[in-house]
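Chemist: Quick one: sequence plus predicted model below, questions after.
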Amino acid sequence: MANRAVIHFECRAPEHLALPSRRGAGGLTVHDRAWAYCDGDGADDAHEWIASGGVPIDLLIRWSRPVAAPVGRVTAAQTTAAQTAATKTGATIEKTPPPSRKRSR
């Protein structure tokens, strides 16, 4: 079973929205003790955070936007770094079940 963090804040800075999508490769940070995501590839730290209501990261990725560079899988080191950051800041990681893979008949 895959673990997915629930994202509580989304960056809506116009300058960041104009950038290509990072497609989930990076962009995670902690804001107000909760997970936050900025989809702008190469964005600076001038984020404009809005509450997302607590959604899976897949719903915040702008899949139709072009990407700046090929995106790989998240490494174990990146996962460990995110977990360490969450622990230090007191953020919580909520686990959601993966999407159902039932086939229609």
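Modeler: Thanks, I have the structure now.
Chemist: Ignoring the adjacent residues along the chain, who's closest to residue 10?
Modeler: Of all residues not flanking residue 10 in the chain, residue 52 sits nearest, at 4.6 Å (C-beta to C-beta, 6 or more residues apart in numbering). Where C-beta positions appear, they are placed from N, C-alpha and C, glycine not excepted.
Chemist: right, and the one you found touches residue 11 too?
Modeler: No: counting by C-beta atoms under 8 Å, residue 52 stays clear of residue 11, with 10.1 Å between them.
Chemist: Isn't residue 7 up against residue 54?
Modeler: Yes: taking C-beta under 8 Å as the definition, residue 7 is a contact partner of residue 54 at 7.3 Å.
Chemist: The two: who's more crowded?
Modeler: Using other C-beta atoms under 10 Å as the criterion, residue 7 and residue 54 rank with residue 7 on top: 23 against 13.
Chemist: May I ask which helix or strand encompasses that one?
Modeler: Assigned by DSSP states H and E, residue 7 belongs to strand 6-11.
Chemist: partners of that strand in the sheet?
Modeler: Here strand 6-11 has these sheet partners by DSSP bridges: strand 34-37 (parallel), strand 49-56 (antiparallel).
Chemist: What mean pLDDT does the last one get?
Modeler: Translated: strand 49-56. Across strand 49-56, pLDDT averages out at 92.
Chemist: Check which residues of that strand are buried.
Modeler: If you call a residue buried by 16 or more other C-beta atoms under 10 Å, then strand 49-56 has these buried ones: 49, 52, 56.
Chemist: Tell me the one of the residues you listed nearest residue 63?
Modeler: Nearest to residue 63 among the buried residues of strand 49-56, counting by C-beta to C-beta, is residue 56 at 13.2 Å.
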